[in-house]
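**Student:** the sequence and its predicted three-dimensional model are supplied below.
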Amino acid sequence: MLRSKVLVQEADFDVSTEVRWLREGLPEIGAVATFIGTVRDMNENSMVQAMTLEHYPGMTEKALENILKVADSRFEISSAMIIHRVGPLYPEDQIVFAAATSAHRQQAFLACEFIMDYLKTEAPFWKKEDTPQGARWVSARDSDDTAMKRWEQDQ
C-alpha cells in the first residue's frame with residue numbers, strides 16, 4: 001500500500017522534513033528520488049520579477065492524488081509525495097517538490113520523473129509572470145506534452 005501525501009499551499013516547504021516523512025517506518029526503502037522546481041529569473045528572453053500560481057481548489061488536489069495512484073500502479077514504490085505552492089513567488093523560491101521511494105534507485109527515479117511529467121500536463125495550475133514589459137500568462141510547452149506522451153508509449 002502506497003504511503004502518499006499531496007499538499008497545495010502558499011507556505012514554503014522543508015525538503016529534509018518531507019524526506020524524513022517519506023522514509024519513516026519503511027525500512028525496505030533503499031532509494032529516495034526527489035525533484036525540486038524553483039522560480040527562474042528569466043523566461044522566454046524576458047526577466048521574471050515574480051510569478052503568481054493559481055489553482056482550482058479541490059480539483060487540483062484530486063488531480064495530484066491521481067498522478068500518485070497511477071505512479072503506484074506503474075512502479076514499485078513505497079511512498080510518494082507532491083507539494084505544490086500557489087500564490088505569489090519570486091526568483092529562487094521553491095515551487096514544487098516531487099518525490100518517490102523504492103527498494104532500488106531505478107524505480108524511484110522513474111516514478112519521480114513520471115510524476116513531474118504528468119504534473120506539468122495534467123494538474124490544473126495557471127502561471128502568470130510579472131516582467132518589465134508587464135504581466136503575461138505562461139502557456140503550456142510542447143516539450144511537456146512530448147515528455148508525457150513518452151509514458152503513454154511505455155505502457
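**Tutor:** Looks like it came in fine. Numbering: from 1, shown residues only.
**Student:** strands along the chain, start to end?
**Tutor:** Under the criterion DSSP state E, strands of the chain are mapped to 3-9, 31-38, 42-43, 46-47, 50-55, 79-85, 87-89, 94-102, 125-131, 134-137.
**Student:** buried residues in stretch 87-98, which are they?
**Tutor:** Buried residues in stretch 87-98, counted by 16 or more other Cβ atoms under 10 Å: L89, Q94, I95, V96, F97, A98. No exception for glycine: its C-beta is placed from N, CA and C like everyone else's.
**Student:** what about T52, how many residues close to it?
**Tutor:** Number of residues near T52 (other Cβ atoms under 10 Å) recorded here: 15.
**Student:** swap that for Q106, please
**Tutor:** For Q106, the count of nearby residues is 13 (other Cβ under 10 Å).
**Student:** what sits against the residue lying closest to G37 once chain neighbours are set aside?
**Tutor:** Ranked by Cβ to Cβ, 6 or more residues apart in numbering and with sequence neighbours excluded, the top spatial neighbour of G37 is V96, at 4.1 Å. The neighbourhood of V96, defined by Cβ atoms under 8 Å, 6 or more residues apart in numbering, consists of F35, I36, G37, I82, I83, H84, R85, M116, L119.
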